[in-house]
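Engineer: quick one: sequence plus predicted model below, questions after.
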Amino acid sequence: MNVDIGNALSAVAAPGISRAALERLDEQVADAHERIDAGMEAGEHGYAALNLPNRTDTDEIRVAVDRVTGPDTSAILTVGIGGSALGAATITDALNDADDPEAIYLDNVDPDWLSATLDRLDLETTVLNVVSRSGTTAETLANFLVVRETFEEAGVDWTERTIVTTGDDGPLRELAERHNLPSLAVPDGVPGRFSALSAVGLVAAAVCGHDLDALLRGAAAEAETLTGSLFECPAYAYGATTYALDARGARTNAMMPYAESLETYAEWFAQLWAESLGKDDLGQTPVRALGVTDQHSQLQLYRAGPRDKLVTFVTVQETAARPIPDTDVDDLAYLGDASLGDLLDAEFEATEASLAAAGRPNVRIEIDRVDEFELGGLLYGMEAACVLAGELYGVNTFEQPAVEWAKKATRGLLGGGEFAEAEAVAEKTELRVER
Ligand SMILES: O=P(O)(O)OC[C@H]1O[C@](O)(CO)[C@@H](O)[C@@H]1O
């Protein structure tokens, strides 16, 4: 990936960062890189995720996947949530085409949606991919139990079609051993949201026939750029700029890829940014947007609302053409000379320039095309940018303690034990306005 932070400079935007301040910030980046490098070297929790390009065993993944797939595999149903779904979904949503098995992610517990999803599947030719780092996530286990029962009621042997990715122990590890299911390990020291380039994110990609090694080569190429300066490393340039802009008031970061195939990538980025940096009353709020669609819904706010946002564009250099047919409508003649790809590119450049013209900070991230190599580089680059930003914020990037309260309350509400959090739910302050 290439990064252009020109439109985040104070000469262009407010909030913005001056060249001099960027130079000073680069000294902090050098220190942070030393810390990151040492953490990678030692395989420390969290930092170890940045070693995945040279650590993930793609042969092991393919061997496991071969046990549950066949020439007639029509779909892969992934049961997982958060980091155990978003990385995989980003890859298959970006790369799948009509000939690939359909990749479906059960990352919610909405009964109607789940039933409708299962009803339309041919379970005989569906692979069940169960993913949970902890092996204890209520939503994933509940969905798995419902799906397993559905297979059994349909008389379809789920043990022949199920692959599990989980930690060294826990209920899912036991299940895999009890039923001799093909299983893979969540690598040690890799938090869920940083695990897309491990078996967690790659099993679904393998079932859909994508080139796992090209994904990791792209990530490895990005890893080569991790040096002690933001002026040499695109990932650090992005991480440092978002941190600096946040410190200057850009509390929201709208991730706006200009490719429909990257919509889920924006969701993946939102978890990465929110769960990693949202601590100690700090952290930039990630917002998912999509170009060109959200030009017609959000751009008004980004351009003329509060000056509290950074817009991050992701643009793809090579887009398909798809010519726009000529028309006899004079006003539309200009379209007839263009393609949809031209229109997409022109709209991106126009929107980027429109924010700069209004003095609104934005950053451009460029990838050559949406393929395995470039996607691997983008995912890795964003992870490295996040790790660097975490160092600059001085937060623990790799934990997410604030999510535990609601989990305990949920468990208590369902009779899964005595939790003060569950009692607190009953003490809600009410001011109801009823129809
Ligand atoms: O992979 P697991 O352990 O099921 O967790 C799923 C997700 O839930 C979280 O722990 C948040 O609740 C995320 O950090 C994680 O990606």
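Structural biologist: In hand now; what should we look at? These numbers were taken from a predicted model, which means no experiment stands behind them.
Engineer: doesn't residue 238 make contact with residue 225?
Structural biologist: No - the pair residue 225 / residue 238 is not scored as a contact, 11.4 Å apart, by C-beta atoms under 8 Å. Where you see a C-beta, it was placed from the backbone N, CA and C, and this is true even at glycine.
Engineer: out of those two, which sits in the busier spot?
Structural biologist: It is residue 238, of residue 225 and residue 238, that has more neighbours when counted by other C-beta atoms under 10 Å, with 26 against 17.
Engineer: chain neighbours aside, what residue packs nearest to the more buried one?
Structural biologist: Computed as C-beta to C-beta, 6 or more residues apart in numbering, the closest residue to residue 238 that is not its neighbour in sequence is residue 385, at 4.3 Å.
Engineer: helices or strands next to the helix or strand encompassing that neighbour in the packing?
Structural biologist: Using DSSP states H and E, residue 385 sits within helix 372-393. The helices and strands touching helix 372-393, judged by 3 or more C-beta pairs under 8 Å, 6 or more residues apart in numbering; DSSP states H and E, are helix 19-42, helix 86-95, helix 212-223, helix 234-247, helix 263-277, strand 362-367.
Engineer: save the ones you listed as TSV, and put in mean pLDDT and distance to the ligand too.
Structural biologist: Below are these laid out as TSV (pLDDT from 0 to 100; distance: least, C-beta to the nearest ligand atom, whole Å):
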stretch	mean pLDDT	distance to the ligand
helix 19-42	98	19
helix 86-95	98	8
helix 212-223	98	19
helix 234-247	98	20
helix 263-277	98	6
strand 362-367	98	23
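Engineer: which one of those lies closest to residue 179?
Structural biologist: Checking the helices and strands packed on helix 372-393 against residue 179 by C-beta to C-beta gives helix 86-95 as the closest, at 22.1 Å.
Engineer: run the chain-centre distance for that closest one.
Structural biologist: The chain centroid and the centroid of helix 86-95 are separated by 8 Å under C-alpha atoms, centre = their mean, to the nearest Å.
Engineer: ditto for stretch 185-197
Structural biologist: With C-alpha atoms, centre = their mean, you get 13 Å for stretch 185-197.
Engineer: for it, measure first residue to last.
Structural biologist: Length of stretch 185-197, first residue to last, C-alpha to C-alpha, to the nearest Å: 13 Å.
Engineer: for stretch 247-254, same thing?
Structural biologist: The first residue of stretch 247-254 is 16 Å away from its last residue (C-alpha to C-alpha).
Engineer: make 154 the starting number, not 1.
Structural biologist: In the new numbering, first residue 154, that becomes stretch 400-407.
Engineer: what lies in contact with that stretch?
Structural biologist: Contact with stretch 400-407 is made by 168-170, 395, 399, 426, 437-442, 451, 455, 460-465, 514, as judged by C-beta atoms under 8 Å, 6 or more residues apart in numbering.
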